[in-house]
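J.: fold the stuff below for me.
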Amino acid sequence: MLNIQMIRPAIAMIELIFAIVIMGIVLMSAPMLISTATKSGYVSIIQEAIHGASSQVNMMTGYHWDERSADELFLDPILRVSAGSSDLDSDVNSSRRKGTPKESYRSFIRSDGTDDLNASVVLGKDGTETSEDDIDDFTGITNLIEIATSVADNVEKTTINISRSTNYNTDTVTGGYNQSDITYIPFVNATGTTNIKGITVNLSSTSVVDDLNKSISLRAFSCNIGAYKLEERDF
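T.: From the prediction side, this is the model:
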């Protein structure tokens, strides 16, 4: 009787060992990959919060400089201030600043002849305002954002606080128009009204995750320069 043996392909011992080693390496690196992915998620949260704060800065600078210049019937005039640099005061003859062309609409006198508009001493909404119409109306407004964050087997809450403030900043420089070196120190709060309003948006976050505990400040400024309009020409 003929004895026939079938030869079938099988896994060699060396191949099995290699497979076990590779699987071990993958399993050993899994915690590191998970940790990296988690930290990447934390970075995304902070980036989104910074983007939100930056949007608030851009939005505030788009409003009128002061409530005294927020009348939509007229172009925003340059307002008079109490503690600003004398070099930025009105020229007696033209009611404009030094160096401003006569044809410019940027004037201390409004188009209806009003010439006694002073910048507001108090920053923030006054008693009659129900909505924001100028930069400093956002002073003291705070937004809270709560985000659920997975930590180990639990879901923890991360609280992000975005607050806004506005202050008058000094507008005095060391040097002058005829000097080559002019020095200005920005964001120094003034005791009276000046020609510069400093805007600060503070972002702070509290979380059980150390990587999410941040304190970030974004700053910008807006100047008392009035408004302009485009000249129209008929053809």
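J.: show me where the chain has its helices.
T.: 13-61 (DSSP state H).
J.: quick check: end-to-end length of stretch 211-229?
T.: By CA to CA, to the nearest Å, the extent of stretch 211-229 from end to end equals 48 Å.
J.: who's in contact with residue 210?
T.: Counting by CB atoms under 8 Å, 6 or more residues apart in numbering, residue 210 touches no other residue. Every C-beta, even on glycine, is put in place using the N, C-alpha and C of the backbone.
J.: distance-wise, check it relative to residue 50.
T.: 18 Å (CB to CB, to the nearest Å).
J.: for residue 202, same thing?
T.: 12 Å.
J.: what's the answer for residue 232, then?
T.: Distance from residue 232 to residue 50, counting by CB to CB: 41 Å.
J.: between those two, who's got more neighbours?
T.: residue 50 (17 against 5; other CB atoms under 10 Å).
J.: now for this structure, the helix or strand with the poorest mean pLDDT.
T.: Ranked by mean pLDDT, DSSP states H and E, the weakest helix or strand in the chain is strand 142-151, scoring a mean of 66.
J.: rounded mean pLDDT for stretch 185-199, please.
T.: Taken as a whole, stretch 185-199 has a mean pLDDT of 92.
J.: stretch 70-87 now?
T.: Mean predicted confidence for stretch 70-87 is 90.
J.: put the alpha carbons of it into PDB.
T.: Extracted in PDB, the C-alpha atoms of stretch 70-87 (Å, rounded to 0.1, in the frame of the first residue of the first chain):
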ATOM      1  CA  ALA A  70     -20.600 107.300  18.700                       C
ATOM      2  CA  ASP A  71     -23.300 109.400  17.100                       C
ATOM      3  CA  GLU A  72     -24.100 107.600  13.800                       C
ATOM      4  CA  LEU A  73     -25.300 110.900  12.300                       C
ATOM      5  CA  PHE A  74     -21.800 112.300  12.200                       C
ATOM      6  CA  LEU A  75     -18.300 111.200  11.500                       C
ATOM      7  CA  ASP A  76     -16.400 110.500  14.700                       C
ATOM      8  CA  PRO A  77     -14.500 113.700  15.600                       C
ATOM      9  CA  ILE A  78     -11.200 113.900  17.500                       C
ATOM     10  CA  LEU A  79     -12.100 114.300  21.200                       C
ATOM     11  CA  ARG A  80     -10.400 116.600  23.600                       C
ATOM     12  CA  VAL A  81      -8.500 115.000  26.500                       C
ATOM     13  CA  SER A  82      -7.200 116.200  29.800                       C
ATOM     14  CA  ALA A  83      -3.900 114.300  30.300                       C
ATOM     15  CA  GLY A  84      -2.700 113.800  26.800                       C
ATOM     16  CA  SER A  85       0.400 115.100  25.200                       C
ATOM     17  CA  SER A  86       0.300 118.800  24.300                       C
ATOM     18  CA  ASP A  87       1.800 118.000  20.900                       C
END
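J.: wait, residue 96 sits on residue 104?
T.: Yes: if you go by CB atoms under 8 Å, residue 96 and residue 104 touch, sitting 6.6 Å apart.
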